[in-house]
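>>> Let's see this in three dimensions:
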Amino acid sequence: MTIVTTDTSLLSRTGTGLPGDRPQEAVATNTHGLHMITWGCQMNVYDSARMTDVLRPLGYGPVDSPADADMIILNTCHIRDRAAEKVFSELGRLRLIKEERQATGQKTVIAVAGCVAQAEGEQILARAPYVDIVLGPQTYHRLPEMVARAARAGGAVIDTDFPAEQKFDFLPENAAPQTVGNYTAFLTIQEGCDKFCSFCVVPYTRGAEASRPVASILAEARRMTESGVREITLLGQNVNAWHGEAPDGSIWGLARLAEALAMLPGLQRIRYTTSHPRDMDDALIAAHRDIPALMPFLHLPVQSGSDKILKAMNRGHTADEYRDLIRRLRDARPDLALSSDFIVGHPGESDEDFEATMQLIRDVGFALSYSFKYSPRPGTPAAGAPLQIAEDVKDARLQALQALLREQQDAFNESVVGLTVPVLFTGTGRKPGQIAGRSPWLQPVHVDGPESLIGTEVPVLLTTRLSNSLSGTLTQEFARI
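Below you'll find the model as predicted:
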């Protein structure tokens, strides 16, 4: 799963920092302040929003500062190195806030959620006994019960089970969607992973692959579009492994779901992430050809271009099979742009293996990518593997790989200058009179234009490539309101 943030950020209804993001005020009936801190992937962002939803009936509403919060939830990620230590460092800061509030007669509940909670639950309570609740990513629908148990017992509550019931069946139907500027939203449809890549903790923290039923997904998507959402990103650890049960008992794949979503009134754009090459079937490839609402931008992690390392990673495909898959996708959708994930320095990676990765990047071409040094995750097969790579070697390889990827990103952004493309505007830009949105390929786009266009998709002539965004001009006149 692609990491989208590594620093503490206010979530829930308080924003994600993307252009056009507008904090929403807590409803007037809130009697308890809730402060959410989220690290990690888009799915954690979604999970944090749903935790806010399940706590709303108890009177909890978002506040901007932990010092004003009756409950603080730290929603954690276990993908990167030293994840647990970062959690304990943050908890030390939150402990001081809790003690300061206690001194004035105010109670603060501290909860640790997410993947570090799943992996390190007992250790969290041993090292940070002031933590009140520890819950894994599959149990947040039980959060109201945990709050009640913690209040009654006066001690810590831990729930890191993998329950038989799906948490989605127990979430409130009137939940507000997690949105960016109210016009784009994340929607989790699949969780867990059965692939067991050698470097990854997800199967151990998120559990086995599970697919949400069709009716539940469509109902939530419909609520989103009725509230003004125009773009939905479907989320899953292996989102293209989704196979959900329809009301008639049949099993749908992601292609059929995308087709159904495209029929929803008001929904203009569909994206999905993160995908696995092994689950990219013929029907989904054809969907990229046949469904205009399915955006021409695909995140498809490959991790390495060396067959030896791909085998050591347990990825289940070769570099040439990945190349062939990309060829088939581009045959179906010639304007498709690709994003990927890369890991350098996996145990056993030689100079020749690294060069094979560089060659795959040259062969495929990526519009955007995420790259990392291998870091051992406790309990994973690669952590105890021989031939661990020295840190200085990892550093040098990462710098070389990122330089090549940056060249490709700049080249792709330059290649669209001069095109007229639809841009979905989500908010105001950084300068007065400017509005901001996203191209079909997920690039940030800024133009001079009226705020009345926010929430709409209009044609824009892309005129300039900036360092991490594009600027353009509207191709028709719009009244400034």
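>>> any chance you could map the helices in the stretch 151-300 of the chain?
Taking DSSP state H, counting those that start in this stretch as the criterion, the stretch 151-300 of the chain carries its helices at 202-205, 214-226, 254-261, 282-290.
>>> Tell me how many other residues surround R330.
Residues contacting R330 under the criterion other Cβ atoms under 10 Å number 18. Bear in mind the C-beta positions are built from the backbone N, C-alpha and C, glycine included.
>>> Hmm, it is touching D324, no?
No. Under the contact definition of Cβ atoms under 8 Å, R330 does not touch D324, with a separation of 10.9 Å.
>>> returning to that earlier point: the helices of the stretch 151-300 of the chain into TSV, with extra columns for mean pLDDT and mean neighbour count?
Listed next are the helices of the stretch 151-300 of the chain as TSV, based on pLDDT from 0 to 100; neighbours: other Cβ atoms under 10 Å:
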stretch	mean pLDDT	mean neighbour count
helix 202-205	82	21
helix 214-226	94	18
helix 254-261	98	20
helix 282-290	98	17
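>>> To K373, which of those lies closest?
When these are ranked by distance to K373, counting by Cβ to Cβ, first place goes to helix 202-205 at 18.4 Å.
>>> Which neighbouring elements make contact with that closest one?
The criterion is 3 or more Cβ pairs under 8 Å, 6 or more residues apart in numbering; DSSP states H and E, and the helices and strands that helix 202-205 contacts are helix 115-127.
>>> Point out the other helices and strands that the next helix-or-strand element following the helix it packs on packs with.
Going down the chain from helix 115-127, the next helix or strand is strand 133-135, by DSSP states H and E. For strand 133-135, the contact count by 3+ Cβ pairs under 8 Å, 6+ apart identifies strand 109-114, helix 115-127, helix 143-153, strand 157-159 as packing neighbours.
>>> Just put those in a markdown table and tack on distance to V421 and mean neighbour count.
Conversion of the helices and strands packed on strand 133-135 to a markdown table gives the following (distance: least, Cβ to Cβ, whole Å; neighbours: other Cβ atoms under 10 Å):
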| stretch | distance to V421 | mean neighbour count |
| --- | --- | --- |
| strand 109-114 | 36 | 26 |
| helix 115-127 | 37 | 20 |
| helix 143-153 | 42 | 16 |
| strand 157-159 | 47 | 20 |
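>>> remind me, longest helix of this protein?
The helix of greatest length in the chain, counted in residues with DSSP state H as the criterion, is given as helix 391-415.
>>> gap between it and the chain center?
How far helix 391-415 lies from its chain's middle: 22 Å, per Cα atoms, centre = their mean, to the nearest Å.
>>> Can you give me the distance of the residue nearest to R465 when sequence neighbours are not counted to I217?
Among residues not flanking R465 along the chain, N413 sits closest, at 4.6 Å (Cβ to Cβ, 6 or more residues apart in numbering). With the distance defined as Cβ to Cβ, to the nearest Å, N413 ends up 33 Å from I217.
>>> Next: E457.
As it turns out, when the distance is counted by Cβ to Cβ, E457 lies 23 Å from I217.
>>> And the contacts of stretch 134-150?
Stretch 134-150 has contacts (Cβ atoms under 8 Å, 6 or more residues apart in numbering) with 47, 50-51, 54-55, 57-58, 71, 109, 111-115, 117-118, 121, 124-125, 132-133, 156-163, 167-171, 191, 205-207.
>>> that older thread, tabulate the helices of the stretch 151-300 of the chain in CSV, adding columns for distance to V421.
Rendered in CSV, the data for these read as follows (distance: least, Cβ to Cβ, whole Å):
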stretch, distance to V421
helix 202-205, 34
helix 214-226, 22
helix 254-261, 21
helix 282-290, 17
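>>> For L398, find the nearest of the ones you listed.
L398 lies closest, by Cβ to Cβ, to one member of the helices of the stretch 151-300 of the chain: helix 202-205, at 21.9 Å.
>>> In CSV, list the C-alpha atoms belonging to the closest one.
C-alpha atoms of helix 202-205 as CSV (Å, rounded to 0.1, in the frame of the first residue of the first chain):
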residue,chain,number,x,y,z
VAL,A,202,0.2,-6.3,5.9
PRO,A,203,-1.0,-10.0,6.0
TYR,A,204,-0.1,-10.0,9.7
THR,A,205,-1.7,-6.7,10.6
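>>> List the contacts of that helix.
Judged by Cβ under 8 Å, 6+ apart, the contacts made with helix 202-205 from elsewhere in the structure are 1, 78-79, 115, 118-119, 136-137, 192-196, 237, 379-380.
>>> Recalculate using a threshold of 7 Å.
Counting by Cβ atoms under 7 Å, 6 or more residues apart in numbering, the neighbours of helix 202-205 from elsewhere in the structure are M1, H78, C115, Q118, A119, P137, C193, D194, F196, Q237, G379.
>>> which residues touch the third one?
Shown here is C115, whose contacts under the criterion Cβ under 7 Å, 6+ apart are T76, C77, H78, P137, V201, T205, R206.
>>> Same check on the last one?
G379 makes contacts with V201, Y204, as judged by Cβ under 7 Å, 6+ apart.
>>> Make sure it is indeed in a helix.
No. Counting by DSSP: H, G, I helix; E, B strand; the rest coil, one finds G379 to be coil, located in no helix.
>>> Can you classify F425 by secondary structure?
The three-state assignment at F425 reads strand, by three-state DSSP.
>>> By mean pLDDT, which helix or strand of the protein comes out lowest?
Within the chain, confidence by mean pLDDT, DSSP states H and E is lowest for strand 179-180 among all helices and strands, at a mean of 48.
>>> Give me the nearest residue to V134, chain neighbours excluded.
Leaving aside its sequence neighbours, V134 is closest to I158 (4.4 Å, by Cβ to Cβ, 6+ apart).
>>> That neighbour contacts I124, correct?
No. Contact between I158 and I124 fails when scored by Cβ atoms under 7 Å: they sit 8.3 Å apart.
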